[in-house]
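Novice: structure for this input, please:
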Amino acid sequence: MRSMKSTFVLSLPNYSSRSEQEKKLIEKFAKFVQRLSIQTLVYEKTRLLPVSEHLLGEYKKQAKGNDKVLFEQFELSKPMPSSIKMAIAWQAIAIGFKRYEDGLSAEESAEYMQHIATQQMRRLKNE
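Specialist: Next up is the predicted model:
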């Protein structure tokens, strides 16, 4: 088994057809989320890795304990595929985790996740 990694992407459908005012707001937002201060805040609050190579390198150098393990695993991770199968997996995980939060055991939740994923894959094959 291997860990996977993915990114969050800011997608701008139909950007060219947007008004100049909308384009300016979009560009302003994109610059805002890329600020080092914002990337630092996001990392410190969520442990989502920064897009800045410099900042990422600094965090790697300073990492200890769980953070060090996070960076080591990140280096060994492979990119998560962007596919319908991954969408099904994430949907099953979300549903199963909700069941776990509602009191189902970890084992029962995992079985339920697998059931949901298998059911959705069967539906996909039959379409």
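
Novice: looking at the protein, which helix or strand does the model trust least?
Specialist: Each helix and strand of the chain was given a mean pLDDT (mean pLDDT, DSSP states H and E); the minimum falls on strand 4-5 at a mean of 86.

Novice: what about Gln73, neighbour count?
Specialist: 12 (other C-beta atoms under 10 Å). (Glycine included, C-beta is placed from N, CA and C.)

Novice: list the helices and strands the least confident helix or strand of the chain packs on?
Specialist: Helices and strands touching strand 4-5, by 3 or more C-beta pairs under 8 Å, 6 or more residues apart in numbering; DSSP states H and E, are strand 78-79.

Novice: now do the following helix or strand past the strand it packs on, average pLDDT.
Specialist: Note on strand 78-79: by DSSP states H and E, the next helix or strand toward the C-terminus is helix 84-101. The pLDDT scores in helix 84-101 average 93.

Novice: list the buried residues for helix 84-101?
Specialist: By 16 or more other C-beta atoms under 10 Å, the buried positions in helix 84-101 come out as 88-89, 92, 95-96, 99-100.

Novice: could you figure out how far the helix or strand just after that helix is turned away from helix 84-101?
Specialist: Toward the C-terminal end, the helix or strand that comes next after helix 84-101 (DSSP H and E) is helix 106-126. Comparing the axes of helix 106-126 and helix 84-101 via axes from the mean of the first three to the mean of the last three C-alpha atoms, to 10 degrees yields an angle of 150 degrees.

Novice: give the buried residues for helix 106-126.
Specialist: Using 16+ other C-beta under 10 Å as the test for burial, helix 106-126 gives 109-110, 112-113, 116-117, 120.

Novice: which elements pack onto it?
Specialist: helix 84-101.

Novice: other SSEs contacting the helix it packs on?
Specialist: On a contact count with 3+ C-beta pairs under 8 Å, 6+ apart, helix 84-101 meets helix 106-126.
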